[in-house]
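Student: predicted model and sequence follow; I will ask about them next.
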Amino acid sequence: QVQLVESGGGLVQAGGSLRLSCAASGRTLRGYAMGWFRQAPGKEREFVAAISWTGGSTDYADSVKGRFTSSRDNAKNTVYLQMNSLKPEDTAVYYCAADRYYYGSNYQEYDYWGQGTQVTVSS
C-alpha cells in the first residue's frame, strides 16, 4: 500500500509560481510511475503531467506544456510539480497518483491517490 500526501498548494497571483510536492510513505516509489491531475469545481478531473518511475520520461497536458515541470527524487520518495507562469484557469485541487504498471494520462488507471492540495491563482 502506498500513501501519498501532497503539499505546497496555496494562493498566488497570476504569473507567479508554486512547487507542489507529493511524498510517499508505506512503500518506496521506486518502480511506480506518477501522475498529476487536477479538478476544478464542477469539472472533470483532468490530466496535468506524468513521470516515469526513473524520471526519464515525462508527459504534459497541452495546457501546461512549457509552464509546468514534473520531477522526482526517488531517494526522498518524493515527486514534484513545478508550476510557473500560473494562470487563473490553473485554479483547482491538485492530486498526485501512483501506479506500478501504468504511465499515462488516464486517471482511472492509477491505483493510489493523495488527498489533494488546493491551488488558487488570482487575476
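Tutor: Yes, it's here.
Student: report how many residues lie close to Ala33.
Tutor: 24 (other CB atoms under 10 Å). Yep, even glycine has a C-beta here, placed from its N, CA and C like the rest.
Student: Lys76: what secondary structure?
Tutor: coil (DSSP: H, G, I helix; E, B strand; the rest coil).
Student: list the contacts of it.
Tutor: Neighbour list for Lys76: Ala23 [criterion: CB atoms under 8 Å, 6 or more residues apart in numbering].
Student: could you rerun that using 10 Å?
Tutor: The contact partners of Lys76, by CB atoms under 10 Å, 6 or more residues apart in numbering, come to 21, 23-24, 29.
Student: again, but for Thr58
Tutor: 34, 49-52, 68-72, 103.
Student: and what of Trp36?
Tutor: Contacts of Trp36 (CB under 10 Å, 6+ apart): 6, 20, 22, 47-51, 60-61, 64, 68, 70, 79-81, 83, 94-97, 114.
Student: before we move on, back to that, can you select the buried ones among the contacts of Thr58 for me in PyMOL?
Tutor: Entered in PyMOL, the line below selects the buried ones among the contacts of Thr58, by 16 or more other CB atoms under 10 Å:
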select buried, resi 34+49+50+51+68+69+70+72+103
